[in-house]
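Q: what would the 3D arrangement of this be:
(chains A and B)
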Amino acid sequence: MGFFHQVLPGIGTKYELETDSGDIISVIFMANGRVQLYTQPARCPECYAADLNPMETRRLGNVLTGAIMEAEEEGVEIAFSALADLRIVVHTYIIGAKLAGKAISDLDIRSRTGVTVLAVSRDGKNTVNPRPDFRFISGDAVVVIGESDQIRAFEQEFME
Amino acid sequence: MEGIAVALAVCVGVALICRRYAIPPIPFYIITGLLLGTAGLGVVHSSEVSEWIAHMGLLFLLFTMGLHLHPGEVAKRRSSFLKAGIIDLCINFSAGFAVAFIIGLPLYDAVVLAGAFYISSSAIALSSLIDNRKLGFRESDTVIWLMVFEDIILVALLIMLASQDVSPLRTIGIILCVAVAAFTFAWKFRGHLHQFFAREDELPILVVFLSVVLAVAIAGVTGVPDSLLVIILGSAISLVASERAEAVARPFREVFLVVFFVFFGISVSFSGAPSLILLASVIILAIVTKFCSGVLIGKVIHGRALSGIDIWADTTSRGEFSILLALLYGSSAVVPVVAALVVVTSCVGSFTGKYSIRIRRWFGGITAGK
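A: Here you go, the predicted model:
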């Protein structure tokens, strides 16, 4: 299943979902707020149908409601197409030896990368919105939130 | 003012009929102008006011074109964007140039005519893709980005033509300075500007109007054409609030542009035009060369010559940018040729755009039959 998104200058934004069976469904958000929906079957050019599996159905539903989720390993990207294509990434990481014993405020995570630490999971106990003086220990699972560029900066700065 | 009222009133009727039958109104605005003006009944003449409004229409057209030239989005395009654009440019521009020499135009006019011959109408192409429900096709993406490529070439052409009369280095230097200043400002204050354009009150509208008027003012001081400056300002604003700025500029553009088209028609005189046979062959050639470039692009980008039929169907119309080139830089020998070219190709283009699927099937039948 492929899922693509591209800007069409003068028209709006196009989301294209290619199903496992090769059918293509395109959703185009236009500048005037209207949406055009297309189906292009792979095998039968004269008919207008697409065959979706449950995952693909959820994806299409997400596109149409305006909050598009793109899942990757340990992370999910949410795009709010109604809000000028706002895209937010939520990602999880495991704290290694490099950051162990350091507090969030020591690391200056937000001002250096723009990323916010949303929650930390330690031995099955979760801390949501940890305080700046929260100290990591090795093996903590952290959930961070930010734009994809900020997440990339976070990875380069702290996770490599 | 009476002239503008008469012309606009007729245009409202024309637009109503065009919307009813889902055909692009642009050629019919020009035809209305031709009928009312010098070439026809001679009841409406252009005045200072109409010229000013028409000029604002042209500037708002270029401003919104600039809004679509988001540097980041253009830079992200893959090689297919360049390939399609270069094929389109090479075939159509050189054909237009050849035509100009056959008519016997001097070099400067030949460049203008070649540009007008090459550049398709973005307005007609985009509304055809939306109205005829073709946005889902991959060929439509190619058409849309082809329009962006043509816009970039138009900017290059405008710079070239503008730097003709005064010293080219000075003109290009000023353009670069304005561009650097505008882009740096937009980038530096992008957060503030983004919030500013999100306001619901009259301020974003005032600022959009100001940026167009500012372009005219800078042009007055520096001698660099306002048409170029307004594109640069539009492109800089596209970094921060492309969609909102477009929504704000749209009402100005819609109204002023109708005046621009109809008064273009009114001002055209066919007295200096080449013979009817020559005009007809130029127009047929314009349709044929877009067919050739379309088929070649279809073959190269989509692997199917038949895809090219779809591309041709929506790019065959020449329109606003051709007129703009003729009006700004063309002599009286170029203007009637471009007027005829735009009217006929855009009528043909509205037909091919509407029935492109049938036309492709028909061509598919012929090629399969061989």
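Q: all contacts plus neighbour counts: C-alpha atoms, from now on.
A: Noted.
Q: buried set for stretch B:299-306?
A: Neighbour counts using 16 or more other C-alpha atoms under 10 Å in any protein chain shown place B:300, B:301, B:302, B:305, B:306 of stretch B:299-306 among the buried residues.
Q: correction: the previous question concerned stretch A:114-133.
A: Within stretch A:114-133, the residues that qualify as buried are A:114, A:115, A:116, A:117, A:118, A:119, A:120, counting by 16+ other C-alpha under 10 Å.
Q: so is that stretch next to chain B?
A: No - Stretch A:114-133 lies apart from chain B when judged by C-alpha under 8 Å from any C-alpha of the partner chain; the minimum separation is 14.6 Å.
Q: for chain A, name the helix or strand with the lowest mean pLDDT.
A: Every helix and strand in chain A was compared by mean pLDDT, DSSP states H and E; the lowest is strand A:67-72, with a mean of 63.
Q: please list which of the buried residues of stretch B:299-306 are also close to chain A.
A: Filtering the buried residues of stretch B:299-306 for proximity to chain A (criterion: C-alpha under 8 Å from any C-alpha) leaves nothing.
Q: identify, from those residues, the entry nearest to chain A.
A: Using C-alpha to the nearest C-alpha, residue B:306 is the member of the buried residues of stretch B:299-306 that sits closest to chain A, with 14.1 Å.
Q: what's the helix or strand containing the closest one packed up against?
A: For residue B:306, the host element (DSSP states H and E) is helix B:305-315. Here helix B:305-315 is seen to pack against helix B:122-131, helix B:138-162, helix B:276-302, helix B:334-354, helix B:356-369 when contacts are counted using 3 or more C-alpha pairs under 8 Å, 6 or more residues apart in numbering or on different chains; DSSP states H and E.
Q: would CSV of those with mean pLDDT and distance to residue B:64 be doable?
A: Formatted as CSV, the helices and strands packed on helix B:305-315 follow (pLDDT from 0 to 100; distance: least, C-alpha to C-alpha, whole Å):
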stretch, mean pLDDT, distance to residue B:64
helix B:122-131, 90, 11
helix B:138-162, 90, 11
helix B:276-302, 92, 25
helix B:334-354, 90, 21
helix B:356-369, 83, 28
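Q: deepest in the core, which of the ones you listed is it.
A: Of all the helices and strands packed on helix B:305-315, helix B:334-354 has the most neighbours on average by mean count of other C-alpha atoms under 10 Å in any protein chain shown, namely a mean of 24.
Q: now do it against helix B:305-315, angle only.
A: Put simply, helix B:334-354 runs at 130 degrees to helix B:305-315, going by axes from the mean of the first three to the mean of the last three C-alpha atoms, to 10 degrees.
Q: contacts for the helix holding residue B:306 next, please.
A: Residues from elsewhere that reach helix B:305-315 (C-alpha atoms under 8 Å, 6 or more residues apart in numbering or on different chains): B:120-121, B:124-125, B:128-129, B:139-140, B:142-143, B:290-291, B:293-299, B:349-350, B:352-353, B:356-357, B:359-360, B:363-364.
Q: quick one, grab the pLDDT at residue B:16.
A: We have a pLDDT of 94 for residue B:16.
Q: could you single out the nearest of the buried residues of stretch A:114-133 to residue B:247?
A: When the buried residues of stretch A:114-133 are compared for distance to residue B:247 (C-alpha to C-alpha), residue A:114 wins out at 31.0 Å.
Q: returning to that earlier point: just send the buried residues of stretch A:114-133 back as a markdown table, with distance to residue B:162, secondary structure and pLDDT too.
A: As requested, those are exported to a markdown table (distance: C-alpha to C-alpha, whole Å; DSSP: H, G, I helix; E, B strand; the rest coil; pLDDT from 0 to 100):
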| residue | distance to residue B:162 | secondary structure | pLDDT |
| --- | --- | --- | --- |
| A:114 | 45 | coil | 87 |
| A:115 | 48 | coil | 90 |
| A:116 | 51 | strand | 91 |
| A:117 | 54 | strand | 91 |
| A:118 | 55 | strand | 91 |
| A:119 | 59 | strand | 91 |
| A:120 | 61 | strand | 91 |
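Q: closest to chain B among those residues?
A: The shortest gap between chain B and any of the buried residues of stretch A:114-133 belongs to residue A:114, at 14.6 Å (C-alpha to the nearest C-alpha).
Q: just checking, that closest one touches residue A:146?
A: Yes - using C-alpha atoms under 8 Å, residue A:114 is in contact with residue A:146, at 6.8 Å.
Q: could you check the angle helix B:138-162 makes with the lengthiest helix in chain B?
A: When chain B is parsed with DSSP state H, its longest helix is helix B:226-267. Interaxial angle, helix B:226-267 versus helix B:138-162 (the same axes, to 10 degrees): 100 degrees.
Q: for helix B:226-267, packing partners?
A: Contacts defined by 3+ C-alpha pairs under 8 Å, 6+ apart place helix B:226-267 against helix B:2-20, helix B:26-36, helix B:48-68, helix B:138-162, helix B:168-188, helix B:190-197, helix B:203-222.
Q: going by mean pLDDT, which of those comes out lowest?
A: Among the helices and strands packed on helix B:226-267, helix B:190-197 carries the lowest mean pLDDT (a mean of 84).
Q: hmm, who's touching that one?
A: By C-alpha under 8 Å, 6+ apart, helix B:190-197 touches B:186, B:204, B:239, B:240, B:241, B:244, B:245.
Q: just put these in JSON lines and tack on distance to residue B:316 and neighbour count.
A: Compiled in JSON lines, those are given as follows (distance: C-alpha to C-alpha, whole Å; neighbours: other C-alpha atoms under 10 Å in any protein chain shown):
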{"residue": "B:186", "distance to residue B:316": "36", "neighbour count": "22"}
{"residue": "B:204", "distance to residue B:316": "36", "neighbour count": "19"}
{"residue": "B:239", "distance to residue B:316": "31", "neighbour count": "21"}
{"residue": "B:240", "distance to residue B:316": "33", "neighbour count": "23"}
{"residue": "B:241", "distance to residue B:316": "31", "neighbour count": "20"}
{"residue": "B:244", "distance to residue B:316": "30", "neighbour count": "20"}
{"residue": "B:245", "distance to residue B:316": "29", "neighbour count": "22"}
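Q: got a pLDDT number for residue A:2?
A: Looking at residue A:2, the pLDDT reads 63.
Q: on that earlier part again, for residue A:35, find the nearest of the helices and strands packed on helix B:226-267.
A: Nearest of the helices and strands packed on helix B:226-267 to residue A:35, taken as C-alpha to C-alpha: helix B:138-162 at 16.1 Å.
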